[in-house]
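> the following comprises the amino acid sequence and a computationally predicted model.
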Amino acid sequence: MGEDNTKSERYRRIFEVVRRIPKGRVATYGQVADLAGLPRHARLVGYALNSLKAGARLPWHRVVGSPGRISLPEGSESHYEQRARLAMEGVEVDVDGRLSLRRHQWRPRSR
DNA sequence: AAGTTGACGGATG
DNA sequence: TCATCCGCCAACT
């Protein structure tokens, strides 16, 4: 089975998964990578999201780090933006960018 | 062209 | 809980 492993194809699969994360839930970079069929490529997910342009219609703010923490640098405009968007959906994030995965992580039924 | 960095994460101490 | 190491891939210098 020749699977397409080009960068753009992998990015496409990553965005497909991110698009499925329900409002008010979050997924970790590693989780997105797994669901996209790219195990152990969490870093690639971060790179893919970083390549998004300002007006992207993708819920990128629902992707957080495995410790249950916003990965964007504190103090950055995007970090603040992510916090605001999550808060708007009812996800509580504390001053250090931490949140409860226990309460908010997306648990898809399959794939 | 080679080294560094980063929106990662699991393992380890 | 925090720090460090290391594998992973792409972008940047």
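Yep, it's here. Numbering: from 1, shown residues only, chains lettered A, B, ... in the order given.
> list the helices and strands the lowest-mean-pLDDT helix or strand in chain A packs on?
The helix or strand of chain A with the lowest confidence, counting by mean pLDDT, DSSP states H and E, is helix A:7-20 at a mean of 89. With contacts defined as 3 or more CB pairs under 8 Å, 6 or more residues apart in numbering; DSSP states H and E, helix A:7-20 has these neighbours: helix A:29-35, helix A:42-50. (Each C-beta comes from the backbone N, C-alpha and C, glycine too.)
> which residues are in contact with it?
A:27, A:32-33, A:35-38, A:41, A:44-45, A:48-49, A:51, A:58-60, A:62-63, A:108 (CB atoms under 8 Å, 6 or more residues apart in numbering).
> buried set for it?
By 16 or more other CB atoms under 10 Å, the buried positions in helix A:7-20 come out as A:10, A:11, A:13, A:14, A:15, A:17, A:18.
> got the angle between it and helix A:42-50?
Relative orientation of helix A:7-20 versus helix A:42-50 (axes from the mean of the first three to the mean of the last three CA atoms, to 10 degrees): 80 degrees.
> could the C-alpha coordinates of helix A:7-20 be exported in PDB?
Extracted C-alpha coordinates of helix A:7-20, given in PDB (Å, rounded to 0.1, in the frame of the first residue of the first chain):
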ATOM      1  CA  LYS A   7       4.500  17.000   3.700                       C
ATOM      2  CA  SER A   8       1.400  18.500   2.300                       C
ATOM      3  CA  GLU A   9      -0.500  15.200   2.500                       C
ATOM      4  CA  ARG A  10       0.400  14.900   6.200                       C
ATOM      5  CA  TYR A  11      -0.600  18.400   6.900                       C
ATOM      6  CA  ARG A  12      -3.900  17.800   5.200                       C
ATOM      7  CA  ARG A  13      -4.600  14.800   7.400                       C
ATOM      8  CA  ILE A  14      -3.600  16.800  10.500                       C
ATOM      9  CA  PHE A  15      -6.000  19.600   9.600                       C
ATOM     10  CA  GLU A  16      -8.800  17.100   9.000                       C
ATOM     11  CA  VAL A  17      -8.400  15.800  12.500                       C
ATOM     12  CA  VAL A  18      -8.300  19.300  14.100                       C
ATOM     13  CA  ARG A  19     -11.400  20.200  12.200                       C
ATOM     14  CA  ARG A  20     -13.300  17.300  14.000                       C
END
